[in-house]
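> below: sequence and its predicted model.
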Amino acid sequence: SKCQCDERADGNSVARVLQISRHVRTGHNTSAAVEQHSEDKLEILGNSGCVVHDVMVLYVIFESAIVSRDMMLYNYGYLEGINVVPPLVTMGIFAATLSAALSTLIGSSRVLQALAKDNLFGRILSPFAKLMWSKQEPIPAILLSWFFVQLILLVGKLNAIAPIVTMFFLISYGVVNFACFALTVASAPNFRPSFRFFTWHTALLGFFGCFAVMFFINSLYASVSVVLLIILFLFISFRSPGVHWGEVSQALIYHQVRKYLLRLDVRKEHVKFWRPQMLLLVSNPRSCYRLMSFINDLKKGGLYVLGHVIVSDYNEQSVHQYRDQLPVWIDFVDTSKLKAFVELTISPSVRQGARGLLTTSGLGGMKPNTVVLGYFDEVLPEDDGPDVCCACLNKTGNFQLHSRETGQKLVHITSKLLPVRTAESPQLLSHEDYVGIIQDSIQLHKNVLVVRNSSQLIMTIGHGTIDLWPAALLPGSRPPKNLSDVISASSPGTSPLHDLEHDGQPLADDHYDSTYYMILQLGCVLHMVPYWK
């Protein structure tokens, strides 16, 4: 019947596509076994691929010229009828089948061994990362691949197996094309394809072409394959394995962030879109994690920078300390789930280092407008320890399952941080420097927050409360009657929380104390955080 003919035609076409893909894939898997590729080897691989392509095209042309359509549809062994020596066809089929099977088995086992080595799926695949014998062959991965091949062969129908295998081949080629397209769009300087006709248009065309062919062959298999691809992508993304192979997503993020930072114009800032952008000066994360977590809630989607001054002259020892401490701080912030950037600086005094942080922290239109300081006193700091960090992380009740693993990570990370100050060690920050940092912040039109008794802040599961006591602190000052007076008096690009002036003159001879509205504003921002509602 016509339906049966169409079905056989589709199966035959898929088988040819699969066979061509296997020939090309064989060359790729063979080249993957070579540790270092020279230009001559790459040129040979490219030329061999062109030769295979030309031979297959010529084969299709000559075959269609001498074989009738009915013979191709109904007689899978038609080559024996048109060959001068029919037994050669049978020998060739056995040789091609054995070669394709072995190459696919070896290639897939190497891919499986690489996945296990990179620990993408945890301990499930760890036994298959081993290399055995003198030639370092992935024997466990080969055995597992052979087992899955036998399961597939139990289907018993080539036309049922071919579309499934073809889907995964086309997904692989489509994703590779998309990766090339993404690298081109992201302007990655180290991505330099040698193919002279390559453009982002050809990569994008290859991506859509592969997926279009998938749905043309079998829409159901194509849909299931795409769903499996998305599940694998999400699993690997959320699991975030600790490997460094260079993710294309980082190049895309860098490209987009740079583009939008250039569009974020500080001259277009308006008071109604004001938000706190924090610069927290930290002496040691081990003694002030409660404060770091509290400011993390207070920033309301704004910029959050953790600044630290390494008090020392700029020399080889201080540079070595800087290079050692910076990744430890970043690991601490990442494990503690703080949405903050880390800025370390080297300076002979704390005030000079703070000046550098005040003037250079941030980028473009994202710069801190609020400086947070701990209260200056003679009390020795206490080491919070990983337990306090886990308690703060678990304040919403959703972190309990991961608290043990994160606690172990925090113990390892905090052990690399410098110890907290003791009675024997000198205090590096003097009274003059402390007041001077506040003065420098005010001169740079920064809001200043001074936090005291942060070590007594207890994060309990559920929700937290905090009392607000707005007050006009300056002598003889009073808050304005209407908030609209404050907003109308502030020019675009400035915060209503700074000195209120209009055309360079004080407003109506009244010195408003902006501390009153600063406390109300921050209290409103904190109330928007689910934990503090």
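Right, received. Where do you want to start? A quick note: this is a predicted structure, and the numbers were derived from the prediction, not measured.
> the closest residue to residue 304 other than its chain neighbours: neighbour count?
Spatial nearest neighbour of residue 304, chain neighbours left out: residue 340 (4.1 Å); criterion: CB to CB, 6 or more residues apart in numbering. Every residue, glycine included, has its C-beta placed from N, CA and C. Counted by other CB atoms under 10 Å, the residues lying close to residue 340 total 21.
> quick one: residue 340 and residue 305 touch, right?
Yes - counting by CB atoms under 8 Å, residue 340 touches residue 305, with 6.5 Å between them.
> what is in contact with these two at once?
Among the neighbours of residue 340, those also in contact with residue 305 (CB atoms under 8 Å, 6 or more residues apart in numbering) are residue 280.
> where along this protein do the strands fall?
With DSSP state E applied, the chain shows strands at 278-281, 304-311, 341-347, 370-374, 447-451, 501-502, 505-506, listed in chain order.
> looking at the ones you listed, spot the one closest to residue 427.
strand 304-311 (10.7 Å; CB to CB).
> who does the closest one pair up with?
Strand pairing for strand 304-311, using DSSP bridges, gives strand 278-281 (parallel), strand 341-347 (parallel).
> for the ones you listed, which one ends up most surrounded?
Stretch with highest mean neighbour count among the strands paired with strand 304-311: strand 278-281 (a mean of 24; mean count of other CB atoms under 10 Å).
> now do that strand: everything it contacts.
291-292, 295, 298-299, 302-309, 340, 354, 357-358, 361, 368, 370-374, 437, 446.
> now with 6 Å?
295, 299, 304, 305, 306, 307, 361, 368, 370, 371, 372, 373 (CB atoms under 6 Å, 6 or more residues apart in numbering).
> make CSV out of the residues you listed and add distance to residue 84.
Listed next are these as CSV, based on distance: CB to CB, whole Å:
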residue, distance to residue 84
295, 84
299, 81
304, 79
305, 80
306, 80
307, 83
361, 81
368, 83
370, 88
371, 89
372, 88
373, 93
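> ok, of those, which one's closest to residue 347?
Checking the contacts of strand 278-281 one by one against residue 347 (CB to CB), the nearest turns out to be residue 307, at 11.2 Å.
> could you dump stretch 239-258 to CSV, C-alpha only?
Extracted C-alpha coordinates of stretch 239-258, given in CSV (Å, rounded to 0.1, in the frame of the first residue of the first chain):
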residue,chain,number,x,y,z
ARG,A,239,23.8,21.3,40.5
SER,A,240,26.7,23.5,39.5
PRO,A,241,29.6,21.0,39.5
GLY,A,242,33.0,22.3,40.4
VAL,A,243,34.6,22.1,37.0
HIS,A,244,36.3,24.8,34.9
TRP,A,245,35.7,24.1,31.3
GLY,A,246,34.6,27.6,30.3
GLU,A,247,30.8,28.2,30.1
VAL,A,248,29.4,30.1,27.2
SER,A,249,26.8,31.5,29.6
GLN,A,250,29.5,33.5,31.3
ALA,A,251,30.5,35.1,28.0
LEU,A,252,26.9,36.0,27.2
ILE,A,253,26.3,37.4,30.7
TYR,A,254,29.5,39.6,30.4
HIS,A,255,28.4,40.9,27.0
GLN,A,256,24.9,41.8,28.3
VAL,A,257,26.0,43.3,31.6
ARG,A,258,28.5,45.5,29.8
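> what comes up buried for it?
Residues of stretch 239-258 classed as buried: 248, 251 (neighbour count, 16 or more other CB atoms under 10 Å).
> so for that stretch, mean pLDDT?
The average pLDDT for stretch 239-258 rounds to 77.
> same question, stretch 76-84
Throughout stretch 76-84, pLDDT has a mean value of 78.
> list the buried ones in that stretch?
For stretch 76-84, the neighbour count (16+ other CB under 10 Å) marks 78, 79 as buried.
> tell me how far stretch 270-280 lies from the chain's centre.
26 Å (CA atoms, centre = their mean, to the nearest Å).
> just to revisit the earlier point, out of the strands paired with strand 304-311, which gets nearest to residue 271?
Closest approach to residue 271 among the strands paired with strand 304-311 (CB to CB): strand 278-281, 18.3 Å.
> could you export that closest one as CSV, CA atoms only?
The C-alpha trace of strand 278-281 is given here as CSV (Å, rounded to 0.1, in the frame of the first residue of the first chain):
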residue,chain,number,x,y,z
MET,A,278,25.5,49.6,50.3
LEU,A,279,29.2,49.6,50.9
LEU,A,280,29.8,47.7,54.1
LEU,A,281,33.3,48.1,55.6
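> just how off-centre is it within its chain?
Computed by CA atoms, centre = their mean, the chain-centroid distance of strand 278-281 equals 25 Å.
> likewise for stretch 218-228?
How far stretch 218-228 lies from its chain's middle: 27 Å, per CA atoms, centre = their mean.
> flag every buried residue along that stretch.
218, 221, 222, 225, 226.
> which ones among those residues lie within helices?
221, 222, 225, 226 (DSSP state H).
> quick check, nearest of those to residue 144?
residue 225 (21.2 Å).
> show me what contacts the closest one?
By CB under 6 Å, 6+ apart, the contact set of residue 225 is 167, 171.
> go again with 8 Å.
Applying CB under 8 Å, 6+ apart, the residues contacting residue 225 are 167, 168, 171, 214.
> pLDDT weak spots in the protein?
The chain contains residues with pLDDT under 70 at 1-46, 134-135, 240-245, 385-405, 407, 459-464, 471-513.
> give me the phi and psi for the residue of it most remote from its centre.
Within the chain, the residue lying farthest from the chain centre (CA atoms, centre = their mean) is residue 84, at 60.2 Å. Reported as degrees, to the nearest 10, the phi and psi values for residue 84 are phi -70, psi -40.
> what's the separation between it and residue 96?
Distance from residue 84 to residue 96, counting by CB to CB, to the nearest Å: 19 Å.
> do residue 383 as well
69 Å.
> list just the nearest of the buried residues of stretch 218-228 to residue 140.
residue 225 (26.7 Å).
> okay, and the beta partners of residue 374?
Beta-bridge partners for residue 374, by DSSP bridges, are residue 451.
> for it, give me its contacts.
281, 283, 288, 291, 450, 451, 452, 454.
> out of those residues, which are buried?
Among the contacts of residue 374, those scoring as buried are 281, 283, 288, 291, 451, 454 (criterion: 16+ other CB under 10 Å).
> which residues touch the second one?
What that stands for is residue 283. By CB under 8 Å, 6+ apart, the contact list for residue 283 reads 308, 374, 381, 421, 428, 429.
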